[in-house]
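Undergrad: compute the structure for the input listed below.
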Amino acid sequence: MSATAGFVVVREPLLVREVLHRPEDFSPANALVAVTPLTGPSLRVLQGARFALPPILASNDSPTHAGIRKVVAGFFTPATVAGIEPRIRELARESASAAAARLAAQGHVDLVEAVAALPPAQVMLELLGLRVPDDELAALKAWSRDSLELFWGWPDDARQLELARGAADFYRWLRDLVRASVASPERNLFAALDRHGLSTPEICSLGYFLLIAGQETTTQLISTVLFRLAEGSCPVTWAESGEPDGARRAVRHVLAGESSVPTWRRVAAHETTIGGQTVPAGAEILLELTGNHSASGARATDYALAFGSGVHRCLGAKLAELEAAVVVQETAAALPAVQLADPEPEWVRLLSFQAPRTVLVAR
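TA: Coordinates of the predicted model:
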């Protein structure tokens with residue numbers, strides 16, 4: 001453990017897992033708190049949209065968490081995830097084919113935009129039974145990126161205000177989606193949460209980050225895998241990743257070493273200990289979920305820890321891994337001979353999220 005920028009940083013995988021399995025000692029209450037405190041102007045913009053994020057799922061340390069999680073988990077069962085694989089492959093194949101056509105016509109293509117961006121959003125919405133027109137997906141992606149920066153980035157005051165406006169627009173859109181979904185006779189997550197007894201603000205709070213985490217982090221994971229494959233720094237080659245086993249190995253390698261969610265936060269609910277060291281009450285804990293290596297150079301972090309562990313483990317873990325592997329496989333198969341055109345792209349670098357913004361390849 002070490003202290004960095006106001007956090008007690010826990011890096012050892014076994015200790016990270018221990019913290020995640022002790023929610024009574026290490027609360028998730030700070031998981032969704034803005035890293036950079038919101039300024040007065042930004043707060044007023046959010047208040048104008050009646051923006052509210054009561055603790056419902058990821059940041060919920062109350063007895064209500066288990067029941068709510070069970071409702072959400074009903075939409076991510078192993079059978080449901082397995083059943084949607086043909087649809088994932090259909091979308092991935094369509095995107096990869098379009099990317100190949102663009103590459104042939106223009107000589108280059110950005111794989112983040114072409115294959116990584118939209119399929120995860122389309123799949124997530126379909127899985128949750130939420131009806132969103134295709135022409136609104138671009139806005140959802142932009143809102144997701146802005147919200148990640150607003151809550152996990154270090155924007156200056158002007159940038160924060162710009163991001164807050166986007167978050168407010170997102171929240172208004174989400175509230176309308178919640179109301180329409182609750183009134184719909186079709187099975188969907190928001191209607192199920194309504195039947196469970198959650199209010200509209202509570203459903204919006206859960207939906208706000210679920211609609212981001214359920215697709216944007218998968219886009220980021222796919223982007224990093226494709227970049228490392230094209231760069232040649234992955235132990236799997238681009239050609240090998242065009243097969244199912246190679247794609248899975250590439251995805252798991254990135255999940256273990258530099259997943260899209262490399263860290264997560266907890267707060268000490270009271271004075272306690274971890275790894276033999278005393279942690280005072282209220283201490284902010286930063287957990288390294290991925291990227292930790294032993295002194296021998298062997299990979300020490302199980303790739304599954306990228307999705308957390310314990311009662312707050314990511315419910316979409318299997319879906320995200322499946323989506324990433326399918327998109328990578330279909331992309332590598334459709335674009336068998338490409339070269340990385342920009343070896344040093346700009347990256348998203350936030351406290352808990354990371355990925356290259358572009359993966360530009362050429363013939």
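Undergrad: CA only for contacts and neighbour counts going forward, please
TA: Will do.
Undergrad: neighbouring contacts of the one helix or strand residue 255 maps to?
TA: Secondary structure from DSSP states H and E places residue 255 in helix 244-258. Contacts of helix 244-258 from elsewhere in the structure, counted by Cα atoms under 8 Å, 6 or more residues apart in numbering, are 221-222, 224-225, 229, 234-237, 240-241, 290-292, 299, 301-306, 321, 324-326, 328-329.
Undergrad: for the record, mean pLDDT for that helix?
TA: The pLDDT scores in helix 244-258 average 95.
Undergrad: so what's the gap between it and the chain middle?
TA: 16 Å (Cα atoms, centre = their mean, to the nearest Å).
Undergrad: can you give me the buried ones in it?
TA: Along helix 244-258, these residues count as buried under the neighbour rule (16 or more other Cα atoms under 10 Å): 246-258.
Undergrad: got a list of what residue 270 touches?
TA: Neighbouring residues of residue 270 by Cα under 8 Å, 6+ apart: 25, 280-282.
Undergrad: can we see that at 6 Å?
TA: Shown in contact with residue 270 (Cα atoms under 6 Å, 6 or more residues apart in numbering): residue 281.
Undergrad: kindly report the same for residue 332.
TA: With contacts taken as Cα under 6 Å, 6+ apart, residue 332 has the following neighbours: residue 242.
Undergrad: helix or strand: which one has it?
TA: In the assignment (DSSP H and E), residue 332 maps to helix 317-334.
Undergrad: and the angle from that helix to helix 244-258?
TA: Interaxial angle of helix 317-334 relative to helix 244-258 (axes from the mean of the first three to the mean of the last three Cα atoms, to 10 degrees): 120 degrees.
Undergrad: state the mean pLDDT of helix 317-334.
TA: Mean per-residue pLDDT for helix 317-334: 98.
Undergrad: what pairs with the next helix or strand after it, parallel or antiparallel?
TA: Moving toward the C-terminus from helix 317-334, the first helix or strand encountered (DSSP H and E) is strand 339-340. According to DSSP bridges, strand 339-340 forms sheet pairs with strand 360-362 (antiparallel).
Undergrad: other residues contacting the strand it pairs with?
TA: So strand 360-362 is contacted by 107-110, 338-342 (Cα under 6 Å, 6+ apart).
Undergrad: neighbour count, distance to residue 86 and pLDDT for these - can I get that in CSV?
TA: Formatted as CSV, the entries for the contacts of strand 360-362 read as follows, by neighbours: other Cα atoms under 10 Å; distance: Cα to Cα, whole Å; pLDDT from 0 to 100:
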residue, neighbour count, distance to residue 86, pLDDT
107, 13, 30, 96
108, 19, 28, 97
109, 25, 25, 98
110, 20, 25, 98
338, 17, 26, 95
339, 15, 29, 95
340, 19, 29, 97
341, 17, 31, 97
342, 15, 32, 97
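Undergrad: any chance of the residues you listed in JSON lines, plus distance to residue 276?
TA: Listed next are the contacts of strand 360-362 as JSON lines, based on distance: Cα to Cα, whole Å:
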{"residue": "107", "distance to residue 276": "57"}
{"residue": "108", "distance to residue 276": "53"}
{"residue": "109", "distance to residue 276": "51"}
{"residue": "110", "distance to residue 276": "48"}
{"residue": "338", "distance to residue 276": "51"}
{"residue": "339", "distance to residue 276": "49"}
{"residue": "340", "distance to residue 276": "46"}
{"residue": "341", "distance to residue 276": "49"}
{"residue": "342", "distance to residue 276": "46"}
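Undergrad: alpha carbons of stretch 35-51, as CSV, please.
TA: The C-alpha trace of stretch 35-51 is given here as CSV (Å, rounded to 0.1, in the frame of the first residue of the first chain):
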residue,chain,number,x,y,z
VAL,A,35,-12.9,13.4,-8.3
THR,A,36,-12.8,17.1,-9.0
PRO,A,37,-15.3,18.9,-6.7
LEU,A,38,-18.1,20.5,-8.7
THR,A,39,-18.1,24.3,-8.8
GLY,A,40,-21.1,26.5,-8.1
PRO,A,41,-21.9,27.2,-11.8
SER,A,42,-21.7,23.5,-12.7
LEU,A,43,-23.9,22.5,-9.8
ARG,A,44,-26.5,25.1,-10.8
VAL,A,45,-26.6,23.6,-14.3
LEU,A,46,-27.1,20.1,-12.9
GLN,A,47,-29.8,21.4,-10.4
GLY,A,48,-31.6,23.0,-13.3
ALA,A,49,-32.1,19.5,-14.8
ARG,A,50,-33.1,18.1,-11.3
PHE,A,51,-30.0,16.0,-11.6
